[in-house]
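In: What follows is a predicted protein model with its sequence.
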Amino acid sequence: MEIRYELTEEDVVAFNVYHVKNSNIGRNSLRWQRLASPLIFLLFAYLLSIFTEIPAAPLLSTFTITAVIWVLFYPKYFYWHITRQVRKMLKEGKNEGLIGEHVLKMQKKGITDSTQNGETNVNWEAIKSFKEDIGHFYLYNSAISAYIIPKREVNADAVRNHLKKWLTL
């Protein structure tokens, strides 16, 4: 099976957000940042009330409201920040082999990905996992990188069936 598709900056951003949302390290990082900061806010308010003449009740109520807002809205900021960082990194260097036209051939021996910069060949055994979200297929070839196939440019059912035929994950 041969598929042609255009990989965009949006596709790369979508992969990185998907990866962080679904990796243990990403989830733990979000959890710790989401919960540790409010505890620090409250500890700061408590210590401020002890070492200054500011009454504890207004300080604690203000910092409690801040902590609740943080817990509620921090995930949105977290994923926005990841998106921003990925976009910055993509603008930093040359990404011709990543962004642009891809021709992906899936054969008995494995995958061949051709771009304007060259060609990579991977045996099926090198594919660590197969994941998908609403807009993409991800063929992980390591813990942090994957072949990204946007569903908008392929017959998703045909690609999914073909991949399941070859992958033994």
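Out: Nice, thanks for sending it over. Just so we're clear, the structure is a prediction, and the values are computed from it rather than from any experiment. Residues are numbered from 1 along each chain as shown.

In: From Thr62, how far out is the residue of the chain most remote from its centre?
Out: Distance from the centre of the chain peaks at Glu53, with 46.1 Å (CA atoms, centre = their mean). Distance of Glu53 to Thr62, given as CB to CB, to the nearest Å: 16 Å. For glycine as for every other residue, the C-beta is placed from the backbone atoms N, C-alpha and C.

In: check contacts around Thr8.
Out: Ile99, Pro150 (CB atoms under 8 Å, 6 or more residues apart in numbering).

In: any idea how far Asn22 is from Ser129?
Out: 10 Å.

In: next one: Ser49
Out: From Ser49 over to Ser129 (counting by CB to CB), the distance is 50 Å.

In: How many residues are close by Lys109?
Out: As a burial measure, Lys109 scores 11 neighbours (other CB atoms under 10 Å).

In: so it makes contact with Asn123?
Out: Yes: here Lys109 reaches Asn123: they are 6.4 Å apart, a contact under CB atoms under 8 Å.

In: And the pLDDT at Thr168?
Out: With respect to pLDDT, Thr168 has a value of 69.

In: go on, Asn117?
Out: Note for Asn117: predicted pLDDT of 87.
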